[in-house]
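# Structure for the following, please:
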Amino acid sequence: MTAIQDTAPHTDHAHDDHHHDHPSWLAHHFDDAEQQYDSGKLGMWLFLVTEVLFFSGMFCAYALYRNRNPEVFEFCSAFLNEKLGAINTGVLLFSSLTMAWAVRASQLRQHTLLVGMLAATLACAAMFLGVKAVEYSHKWELGLLPGKFYVAQLGGHHGDPKGYLETLCVVPMILTVLSALYYVYSWVVNSTFHKQVAGPLLVTGLCFFVGVFLGQTLEAEAADSHGGEHAEHHMVQGHVDHASHDHAAAEHTEHPADGAAAMPVVVASAGEDVKVMKEQLATPDADVNQKSMAGLFFSIYYCMTGVHAIHILGGMAVITWLIVKAARHEFHEQYFGPVDNVGLYWHLVDFIWIYLFPLLYLIT
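Model (predicted):
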């Protein structure tokens, strides 16, 4: 009993010394920086494995339905603007470069460069979402909706494209205005920390609208190029009169031979540019444009690209957190794990899009 009483004060003193020597950036349950870094990296890799499994399910569904309905996927992919998809691919690839550069800057205590690279990554993500907002609003205009909501129009628009786009831009507009006010405040109080946080947020908001402008410009060019692969068009709804098909086919295309690949063509009908398949012209009863067929493709499209966009938003939230910590000069050669782990996540998000782009936009 006496021995226990004698050793108790010594144990408490040792614990206090250990707690006193523990740096603030090192979690209390880790012994050193290396153990904390390795544990964080292992946890991130396990999380990324679950993400790969999650997306693998959607890729398997895509492969299954495309194998069963290749003509539907080829028909519907003609309504995706591969120029916008290619631009978004380039933007995400560049963001991977800036994210990797940010990891290196965090190791070298280059705090200003770190903030700049994180801001560039955030801006690229916002531009990606801006382009995607234009893509979504354009498809909603044409009634290219998932599943039973698929109501592609032959004459007139399904809705007001500006109305759809304006709705998607409401939240980004509010966040951009708040970022601008925060940026003005940072100059009023003359705070370097607030400037380094507010500046990237404001640039991010503006880059979203740069993406919107870029997307609208390319969609307008596609709409003006009648007969082009991405001309402004309306899909055929239901059955079309057999005589009209024969007349259109005689003027604009020849019936494909049996076994020939179905290719999209533009057919003039009642003053409208209607994009249909040669197979539809030859077979008026073809159902590739029905809810159960084309609606299936757009269900997969919105599911895969929508979940990917959610991951982009999640990454943007975490990168914003990194910017705040970087502005406080918290990262150094012993503590850069958060930047490295977020970088791994971001590379996975970019990698998934590299697969989505050709699978959805470049179907032939």
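# Tell me the confidence at the residue nearest the centre of the chain?
The centre of the chain sits closest to residue 309, judged by Cα atoms, centre = their mean, with a distance of 3.6 Å. We have a pLDDT of 96 for residue 309.
# How much space separates it from residue 92?
Per Cβ to Cβ, to the nearest Å, residue 309 is found 12 Å from residue 92. C-beta: built from backbone N, CA, C; applies to glycine.
# Hmm, residue 129 and the residue nearest to the centre of the chain touching each other?
Yes: judged on Cβ atoms under 8 Å, residue 309 makes contact with residue 129 at a distance of 6.5 Å.
# Flag the shaky bits of this protein, pLDDT-wise.
1-21, 152-162, 223-292, 364 (pLDDT under 70).
# Can you give the domain ranges for it?
41-227+291-361, 240-284 (automatic domain parsing).
# Please identify the most buried of these.
Across the domains of the chain, averaging neighbours per residue (mean count of other Cβ atoms under 10 Å) puts domain 41-227+291-361 on top, at a mean of 18.
# End to end on that domain, go ahead and measure it.
34 Å (Cα to Cα, to the nearest Å).
# from the middle of its chain, how far away would it be?
In terms of Cα atoms, centre = their mean, to the nearest Å, the centre of domain 41-227+291-361 is found 3 Å from the chain centre.
# I'd guessed residue 293 sits against residue 74; true?
No: counting by Cβ under 8 Å, residue 293 does not reach residue 74; the two are 11.7 Å apart.
# Identify the residue spatially nearest to residue 214, adjacent ones excluded.
Leaving aside its sequence neighbours, residue 214 sits nearest to residue 131 (Cβ to Cβ, 6 or more residues apart in numbering; 6.2 Å).
# List the contacts of stretch 84-98.
For stretch 84-98, contacts defined as Cβ atoms under 8 Å, 6 or more residues apart in numbering pick out 117-118, 120-121, 124-125, 127-128, 131-132, 134-135, 214-215, 218-219, 346-347, 349-350, 353-354, 357, 360-361.
# 6 Å instead?
With contact meaning Cβ atoms under 6 Å, 6 or more residues apart in numbering, stretch 84-98 is reached by 117, 120-121, 124, 127-128, 131, 135, 215, 218, 347, 350, 353, 357, 361.
# now do stretch 309-316
122, 125, 346, 349.
# Just the CA coordinates for it, please, in CSV.
Provided in CSV are the C-alpha atoms of stretch 309-316 (Å, rounded to 0.1, in the frame of the first residue of the first chain):
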residue,chain,number,x,y,z
ALA,A,309,-20.6,16.2,-58.5
ILE,A,310,-21.5,15.5,-54.9
HIS,A,311,-17.9,14.3,-54.3
ILE,A,312,-16.6,17.4,-56.0
LEU,A,313,-18.7,19.5,-53.5
GLY,A,314,-17.4,17.5,-50.6
GLY,A,315,-13.8,18.0,-51.8
MET,A,316,-14.4,21.7,-52.1
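# Could you number the chain from 20 rather than 1 from now on?
Okay, residue one is now 20; in that scheme the one you just asked about reads as stretch 328-335.
# OK, contacts around residue 314?
Counting by Cβ under 6 Å, 6+ apart, residue 314 touches 166, 169.
# Against residue 167, how distant is it?
Using Cβ to Cβ, residue 314 is found at 7 Å from residue 167.
# that older thread, now, the contacts of stretch 328-335 that are in helices?
141, 144, 365, 368 (DSSP state H).
# Going by distance to residue 44, which of these wins?
residue 365 (21.9 Å; Cβ to Cβ).
# The closest one against residue 122, yeah?
No: using Cβ atoms under 6 Å as the test, residue 365 is too far from residue 122 to be in contact (10.1 Å).
# Helices along the stretch 70-219 of the chain, start to end?
89-96, 101-126, 130-160, 180-207, 211-243 (DSSP state H, counting those that start in this stretch).
# I'd like the ones you listed laid out as CSV, including distance to residue 324.
Listed next are the helices of the stretch 70-219 of the chain as CSV, based on distance: least, Cβ to Cβ, whole Å:
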stretch, distance to residue 324
helix 89-96, 13
helix 101-126, 10
helix 130-160, 7
helix 180-207, 14
helix 211-243, 14
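# what's the closest of the ones you listed to residue 337?
helix 130-160 (10.2 Å).
# helices or strands next to that closest one in the packing?
helix 101-126, helix 180-207, helix 211-243, helix 313-346 (3 or more Cβ pairs under 6 Å, 6 or more residues apart in numbering; DSSP states H and E).
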